[in-house]
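# Build me a structure from this.
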Amino acid sequence: MKIVSATLLLAAVTGTSAFAPIPASRITTALSVFKSDLDGAQTMVDSIIKEKNCGPVFVRLAWHDSGTYDVNIKEFPKAGGAIGSIRFDPEINHGANAGLAGAVKLLEPVKEKFPDVSYADIFQMASARAIELAGGPKIDMKYGRVDATSPEECSPEGNLPDAEAGPEGKFGGAGGTASTESTSAAGHLRKVFYRMGLGDEEIVALSGAHTFGRAYADRSGLGAPKTKFTDGSEVKLADGSTTDKYTPGGSSWTEDWLVFDNSYFTTIPDYTKDVELLKLTSDKVLFTDDQFSFYAEKFRRSKDEFFASYAKAHKALSELGSKFEDVVDDN
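Residues are numbered from 1 along each chain as shown. I've put the predicted structure just below:
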């Protein structure tokens, strides 16, 4: 049995903001959604993550694809979300997506090997697998996403969150599908995530993914060229081993930035921690805002509580705006 449908078609690797066009042969295809295809794609994704230690940038790629979603727009694909549109110019060249072209390129071999698995599925799969392989919770992922088909289906620039205020003391702006402008980090975060249909618990839980990865000045405009934790020296992995197989540079929020745990929530409020660790305004507000701090303190006290909330929030984010086809279990 086979289902065939017409396709509607925080970073560990370096990359440029420019992105080569997607080959025409992989823009519009017949999508046969087989579980065996998804299993094969996952095996390849796991191998890439383990070889390159690029899990954090895969999380950023998937989130920047899905984070464009506007709950007030009901039409697919105009609502944005996890539809694979980030692979197209102009979206891949939006300022917030600097460096993500390299992440798309890393995943192109997966699409070449399993052309019937959508880009949207591959991007979200890579994110979920990166979290789990780094010691984080298993995400109850749903697959069968339909891709955006063309650059005309890209979301407008301005939907993604800022970590610091701009020159005029404001976060966000009037661009995107709805204004995210606010004079406070908390107000800005709420405008961004409420537009997606997510709430305060999801905001705090998803912020906790900063336990994993680094910020770069040439991408987000934040972070040092390198720190004692990102200078090419060995970094701890989830299994307790260490590795120096990563591209040096950037600033991490935590010391063990290739391990997914709740150390973000223990580090941010602790002012005795090393000054080379990153603490942005959007991080610190989680402990000063009355509503956010309830969850931040809970996650600081309990990794299990964090993992439970995070897994639900990640799943919800990964499905925003998605249109799904059935997946056939052919194993």
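# Run through the strands of the protein in chain order.
Assigned by DSSP state E, the strands in the chain fall at 4-6, 30-32, 214-215, 235-236, 242-243, 251-252.
# ranking the ones you listed by mean pLDDT, which is last?
For these, mean pLDDT drops lowest on strand 4-6, to a mean of 27.
# which residues touch the closest residue to residue 227 other than its chain neighbours?
Counting by C-beta to C-beta, 6 or more residues apart in numbering, residue 227 lies nearest to residue 276, which is 4.1 Å off, once chain neighbours are set aside. (Each C-beta comes from the backbone N, C-alpha and C, glycine too.) Taking C-beta atoms under 8 Å, 6 or more residues apart in numbering, we find residue 276 in contact with 224, 227-229, 251.
# Export the residues you listed to CSV and append columns for distance to residue 190 and neighbour count.
Below are the contacts of residue 276 laid out as CSV (distance: C-beta to C-beta, whole Å; neighbours: other C-beta atoms under 10 Å):
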residue, distance to residue 190, neighbour count
224, 29, 16
227, 31, 21
228, 35, 10
229, 31, 20
251, 26, 23
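# quick check, nearest of these to residue 90?
Nearest to residue 90 among the contacts of residue 276 is residue 251, at 28.1 Å by C-beta to C-beta.
# Specify the beta-bridge partners of that closest one.
Judged by DSSP bridges, the bridge partners of residue 251 are residue 215.
# and it, what is it in contact with?
Taking C-beta under 8 Å, 6+ apart as the test, what residue 251 contacts is 214-216, 222-224, 227, 230, 276-278.
# Please tell me how far it sits from residue 276.
Noted for residue 251: a distance of 7 Å to residue 276, by C-beta to C-beta, to the nearest Å.
# Check residue 155 too.
Look at residue 155 and residue 276: by C-beta to C-beta, they are 35 Å apart.
# do residue 134 as well
Per C-beta to C-beta, residue 134 is found 21 Å from residue 276.
# which one is residue 188 nearest to, not counting chain neighbours?
Using C-beta to C-beta, 6+ apart and skipping residues adjacent in sequence, the residue nearest residue 188 is residue 171, 3.5 Å away.
# Find the residue ranges of this protein scoring beneath the pLDDT cut-off.
1-32 (pLDDT under 70).
# Done for today, thanks.
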